[in-house]
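Enquirer: can you look at this prediction? I've put the sequence above it.
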Amino acid sequence: MHEIKPLERLQVQDGLLINAERWQRSHNYHRQRQNIHYQSLNQPGIVYGLGVCLTPAPQGVSSQYNDGRWLQIQPGLAIDMNGNPIIVPQAIDFHVSADITEDKPRLIYLVVSYVDPDDLQRQKVAEFEPETFRIEEKTTPPDAYEVELCRIVLQPGLIPLQNPQDVFYPALNSLDFRSRPIARSRHSAIVRVAYLQTTEPEVRDSFANLCYLLKSAEHLTQAIQGFESVDRIQNIEQAIVYDLLFTTGDQPLSLNTQELTNLKSYLDAGGVLLVESPTDAIDRLESIVDIADKFNTPLEDLRKLDRNHPMRTLPFLFAALPVINQKPIQILIAGGIVLVIGDLSSAWGLDEKLTLTRETIRTAQELGINILYFSWSRKQMTQLQKQTISPTLNTPSASSNKPDALQNLFNKLGE
């Protein structure tokens, strides 16, 4: 966590002596206020222009650089994550110098970044110095202070660059603009999601469908967007940094004592465990009932909870839950455990036969976004309390009857 410091403003009084240091600090105060405002409400990216096109080698360059790898960056404006404007006032010729000596293609990035005049080494200081920029070619992804202009997958050897025949599917050695960030307002919430891998074989397309949901979230609502990547984890102990932990399948969720303790700590810290199960996976449903009972948080049907429960109202309003593959979705909640009975995640993405209707996919995604927003909100509000809750487990007595607990679950669904 970054240290929070108050801004310091120069107090001007009659007779104040203005020197270079005080003048600089006074101006830095206003820059900091502007940057804080931008960072709080906006995301960095390109505002306009900054196109990249192929261009002939400039006149007078050595013949060895006349290799078909010259680009021209067009004038334009971008803003970095600090809120600094990156202004390219005129076209700039740039030579891609990467020489791929490996046997396989390599991805390179063309980025632009802000350069503060105070950071330049100059022999002579002018009265007014323009803020400037730096254009670089990289083999690693752009860092937080760089704005990507384009990327290229280069083949080994000095093969000339080319324009893509299809801008949505650029070939090798072609300019790829699909990942250019666009400056825009910031979403209210950024949710971090992990996919919990268990010992059973992974359900087909389940991870890809989760990624589809996270991508759709930022386009369907201004309220929430997913973190830049979905991680796979195998141990619940790794889950503490995530708002939502998702697992699907038809096998029981078997956790040892230490894993139960880790899960309890995760839930007490505000995290949400989203478990998906087929209707007929009795053993799996029974295992979730057992975990909920151990935490003394019995599963409750979402339909029986308050009609304004956030999972039904934020950001999308739901009365009846969707029907996927001719089967109605059921949702039960036990504290931070959310049990989805049905194939909800199968409709978050494209099914193999492309048979799902747009309405089905959109409805499933909107319900998924409600679950994401519920997870983020629960984590945020729990963390605001700044309390450390010791994990405790309620050990069921030998006389506890698991089939009765499972029957109670189905009774709730049938009410």
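Expert: Nice, thanks for sending it over.

Enquirer: can you report how many residues neighbour the nearest residue to residue 82 once chain neighbours are set aside?
Expert: Distances taken as CB to CB, 6 or more residues apart in numbering put residue 35 closest to residue 82, at 5.0 Å, once the chain neighbours are dropped. For every residue, glycine as well, the C-beta is placed using N, CA and C. Using other CB atoms under 10 Å, the number of residues around residue 35 comes to 15.

Enquirer: next one: residue 106
Expert: 14.

Enquirer: what's it sitting at in phi/psi?
Expert: Backbone torsions for residue 106, taken as degrees, to the nearest 10, come to phi -140, psi 140.

Enquirer: how about the secondary structure of the nearest residue to it once chain neighbours are set aside?
Expert: Spatial nearest neighbour of residue 106, chain neighbours left out: residue 100 (5.0 Å); criterion: CB to CB, 6+ apart. At residue 100, secondary structure determined by DSSP: H, G, I helix; E, B strand; the rest coil is coil.

Enquirer: surely residue 100 is in contact with residue 153?
Expert: No - assessed by CB atoms under 8 Å, residue 100 is found out of contact with residue 153, at 9.8 Å.

Enquirer: need the contact list for the residue nearest the centre of the chain.
Expert: Closest to where the C-alpha atoms of the chain average out (CA atoms, centre = their mean) is residue 227, at 1.4 Å. Applying CB atoms under 8 Å, 6 or more residues apart in numbering to residue 227 gives the contacts 190, 191, 192, 193, 214.

Enquirer: mind listing the shared neighbours of residue 100 and residue 153?
Expert: Shared contacts of residue 100 and residue 153, counting by CB under 8 Å, 6+ apart, come down to residue 106.

Enquirer: residue 354 in helix, strand or coil?
Expert: Residue 354 - assigned by three-state DSSP - is coil.

Enquirer: for residue 63, state which of the contacts of residue 227 is nearest.
Expert: Nearest to residue 63 among the contacts of residue 227 is residue 214, at 49.1 Å by CB to CB.

Enquirer: excluding its backbone neighbours, what's nearest the closest one?
Expert: residue 226 is the one closest to residue 214 (CB to CB, 6+ apart), at 3.0 Å.

Enquirer: same check on residue 310?
Expert: Distance criterion CB to CB, 6+ apart; nearest residue to residue 310, sequence neighbours excluded, is residue 374 at 5.1 Å.

Enquirer: does the one you found touch residue 313 like I think?
Expert: No - applying CB under 8 Å, one finds residue 374 not in contact with residue 313, separated by 10.0 Å.

Enquirer: okay, helices next: where are they in the protein?
Expert: Ranges of helices in the chain, per DSSP state H, are 20-41, 206-220, 257-268, 282-294, 310-313, 358-384, 402-414.

Enquirer: may I see the buried residues of the first one?
Expert: Using 16 or more other CB atoms under 10 Å as the burial criterion, the residues of helix 20-41 that qualify are residue 38.

Enquirer: also the fifth one?
Expert: Buried residues in helix 310-313, counting neighbours by 16+ other CB under 10 Å, are found at 311, 312.

Enquirer: who touches that helix?
Expert: 302, 318, 319, 331, 333, 338, 370, 371, 373, 374, 377.

Enquirer: quick one: contacts for the closest residue to residue 292 other than its chain neighbours?
Expert: Distances taken as CB to CB, 6+ apart put residue 334 closest to residue 292, at 3.9 Å, once the chain neighbours are dropped. Contacts here follow CB under 8 Å, 6+ apart; on that basis residue 334 touches 292, 295, 297, 298, 299, 300.

Enquirer: then residue 131?
Expert: Contacts for residue 131 (CB under 8 Å, 6+ apart) come out as 84, 85, 87, 114, 115, 116, 117.

Enquirer: how about low-confidence regions in the chain?
Expert: The model of the chain has pLDDT under 70 over residues 1-3, 101, 122-123, 386-415.

Enquirer: domain assignment for this structure?
Expert: 44-184, 189-414 (automatic domain parsing).

Enquirer: how far does the shortest one sit from its chain's centre?
Expert: Averaging C-alpha positions (CA atoms, centre = their mean, to the nearest Å) puts domain 44-184 25 Å from its chain's average.

Enquirer: from the opening residue of it to its closing one, how far?
Expert: Taking CA to CA, to the nearest Å as the measure, domain 44-184 stretches 7 Å from start to finish.

Enquirer: please apply the same query to stretch 197-205.
Expert: Rule used - CA to CA; the end-to-end distance of stretch 197-205 is 13 Å.

Enquirer: cool, and stretch 84-102?
Expert: Distance across stretch 84-102, first residue to last, is 37 Å (CA to CA).

Enquirer: equivalent analysis for stretch 39-56, please.
Expert: Taking CA to CA, stretch 39-56 runs 39 Å from one end to the other.
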